[in-house]
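A.B. asks: Sequence plus the predicted model coming up.
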Amino acid sequence: GENVEQHPSTLSVQEGDSAVIKCTYSDSASNYFPWYKQELGKRPQLIIDIRSNVGEKKDQRIAVTLNKTAKHFSLHITETQPEDSAVYFCAASRANTGNQFYFGTGTSLTVIP
Amino acid sequence: SAVISQKPSRDICQRGTSLTIQCQVDSQVTMMFWYRQQPGQSLTLIATANQGSEATYESGFVIDKFPISRPNLTFSTLTVSNMSPEDSSIYLCSVEDGGDTQYFGPGTRLTVL
């Protein structure tokens, strides 16, 4: 089955700096890669996703890049703000095949004002 | 995206008892899933709730411990049976609304004494 690794497990940045979280996956058939943000006591919320036919996707301060050859994808947050503080999870799945998500272990991001 | 609710939001239960968690969606969805999130951990898929047929369980999870029902396309239940303190966790349902993305319910925080 799929194995998703996520690094780092914790990340502290100064407000206004950039944050990068990296994930690797093992199953070359995985073709859909969502990122979720989970604030304390809340449900995971989708913040951005990317499909394997795209190398990069951007939404305001958030971007995701995908390297299919190396089987890794990354979340980039620019101009970080205190409200970006949360746990971020990456996931990998084979879309259209029951869509089971394999989640990374999570990254706890702290943005220091 | 679909609006998802769960009941109860939290509960404290005695060892050896069972708890049934409900997941309600405001629209018909093709796929519903049940996850467990232990404190400070990632999300682990328990099973896929199939409408009209038995749930599909992941390795390490069995029907006798986690019976699941899905009587229609908007509702599912997960029962945690014969509970022990190790079952203390957050249980989340998620739905796929026809695309590739999963959206999560608010979760049920279970404490077993």
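C.D. replies: Good, I have the coordinates.

A.B. asks: Now stretch A:46-60: buried residues?
C.D. replies: Going by neighbour count (16 or more other Cβ atoms under 10 Å in any protein chain shown), the buried part of stretch A:46-60 is A:47-50, A:52. For glycine as for every other residue, the C-beta is placed from the backbone atoms N, C-alpha and C.

A.B. asks: scratch that, stretch B:20-33
C.D. replies: With burial defined by 16+ other Cβ under 10 Å, the residues of stretch B:20-33 counted as buried are B:21-23, B:25, B:29, B:31-33.

A.B. asks: Any stretches of chain A with poor pLDDT?
C.D. replies: Per-residue confidence of chain A (counting by pLDDT under 70) places the weak regions at A:96-98.

A.B. asks: Near chain B, which residues of it are found?
C.D. replies: Chain A has residues A:32, A:34, A:36, A:42-46, A:49, A:51, A:89, A:93, A:95-96, A:98-101, A:103-106 near chain B, with proximity defined as Cβ under 8 Å from any Cβ of the partner chain.

A.B. asks: Among those residues, name the buried ones.
C.D. replies: Buried among the residues of chain A next to chain B by 16+ other Cβ under 10 Å: A:32, A:34, A:36, A:43-44, A:49, A:89, A:93, A:95, A:99-101, A:103-104, A:106.

A.B. asks: from the residues you listed, which single one is nearest B:Ser9?
C.D. replies: A:Arg43 (11.1 Å; Cβ to Cβ).

A.B. asks: Okay, and the beta partners of the nearest residue to that closest one once chain neighbours are set aside?
C.D. replies: Closest residue to A:Arg43 apart from its sequence neighbours, by Cβ to Cβ, 6 or more residues apart in numbering or on different chains: B:Phe104 at 4.4 Å. Here B:Phe104 sits in beta bridges with B:Ser94, as judged by DSSP bridges.

A.B. asks: which ones are touching B:Phe104?
C.D. replies: By Cβ atoms under 8 Å, 6 or more residues apart in numbering or on different chains, the contact list for B:Phe104 reads A:36, A:43-45, B:4, B:35, B:92-94.

A.B. asks: before we move on, back to that, out of the buried residues of stretch B:20-33, who's nearest A:Asp84?
C.D. replies: Using Cβ to Cβ, these come closest to A:Asp84 at B:Phe33, 27.0 Å.

A.B. asks: In which helix or strand does that closest one reside?
C.D. replies: strand B:31-37 (DSSP states H and E).

A.B. asks: Could you do A:Ala70 as well?
C.D. replies: Using DSSP H and E, A:Ala70 sits in no helix or strand.

A.B. asks: Please report how far B:Gly99 lies from A:Thr110.
C.D. replies: With distances taken as Cβ to Cβ, to the nearest Å, B:Gly99 is found 32 Å from A:Thr110.

A.B. asks: For chain B, which residues are neighbours of chain A?
C.D. replies: Contact residues, chain B versus chain A (Cβ under 8 Å from any Cβ): B:31, B:33, B:41-45, B:48, B:56, B:92, B:96, B:100-107.

A.B. asks: Give me the subset of those that lies in strands.
C.D. replies: Residues of the residues of chain B next to chain A located in strands (DSSP state E): B:31, B:33, B:44-45, B:48, B:56, B:92, B:96, B:102-104.
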